[in-house]
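# Fold the following and give me the result.
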Amino acid sequence: MSLRNRFRNDDGGATAVEFAIICFPLLLVSLGVVEFGRALNVRNDLAFAADFAVRSVLTDATVSNPDLDSTIRASFTGNSPELLQIDFGTATEAGVSFRTLAIAYPFEFVVPGVSENGMTLSVSRRIPLN
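As a prediction, this is how the structure comes out:
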């Protein structure tokens, strides 16, 4: 058997080549799933903190905004509560007064190259006062 025929029939390294082709997309999908899960977890933490503030207002409608701010930051279990951007307001619709709450958090990706600026996760609530 000539060297050329033996080389053409040799399939000993085919598995390594197939793995090299599949490995990179599989790694990207896996890291994407991890980042998506992290973002959902932080978003759920934001919702929990907002709901905690809503319960505080519903039990005592005269609670001050600085007290609500500290309550939200204390109940946020994410990485950096000092990065929370909290806005309070009031609104009236159809004769019903509301207190509004908006919380935003700048989410940074752990995987490099996904996004340079990250993304902002946010939740908002309207709390009836009447």
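
# element containing the residue most central in space within the chain?
Closest to where the C-alpha atoms of the chain average out (C-alpha atoms, centre = their mean) is Ala39, at 2.2 Å. Assigned by DSSP states H and E, Ala39 belongs to helix 14-59.

# Now do the helix or strand following that helix: everything it contacts.
Downstream of helix 14-59, the first helix or strand assigned by DSSP H and E is helix 65-75. Applying C-beta atoms under 8 Å, 6 or more residues apart in numbering, the contact partners of helix 65-75 are 48-50, 52-53, 56-57, 81-82, 84, 86, 88, 101, 103. The C-beta positions use only the backbone N, C-alpha and C, and glycine is treated the same way.

# Of those, just the buried ones, ChimeraX syntax please.
Of the contacts of helix 65-75, the buried ones go into a single ChimeraX selection, burial set by 16 or more other C-beta atoms under 10 Å:
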select :48,49,50,53,56,57,81,84,86,101,103
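
# tell me which of the contacts of helix 65-75 is nearest to Ser122?
Closest approach to Ser122 among these (C-beta to C-beta): Ile103, at 6.4 Å.

# and that closest one, bridged to which residues?
Ile86, Val123 (DSSP bridges).

# is it true that it touches Phe48?
No - assessed by C-beta atoms under 8 Å, Ile103 is found out of contact with Phe48, at 10.6 Å.

# if we can go back for a sec, report all helices and strands that the helix holding Ala39 contacts.
Judged by 3 or more C-beta pairs under 8 Å, 6 or more residues apart in numbering; DSSP states H and E, helix 14-59 is in contact with helix 65-75, strand 96-107, strand 119-128.

# can you give me how far it is from the chain middle?
Centre-to-centre, helix 14-59 and its host chain are 7 Å apart (C-alpha atoms, centre = their mean, to the nearest Å).
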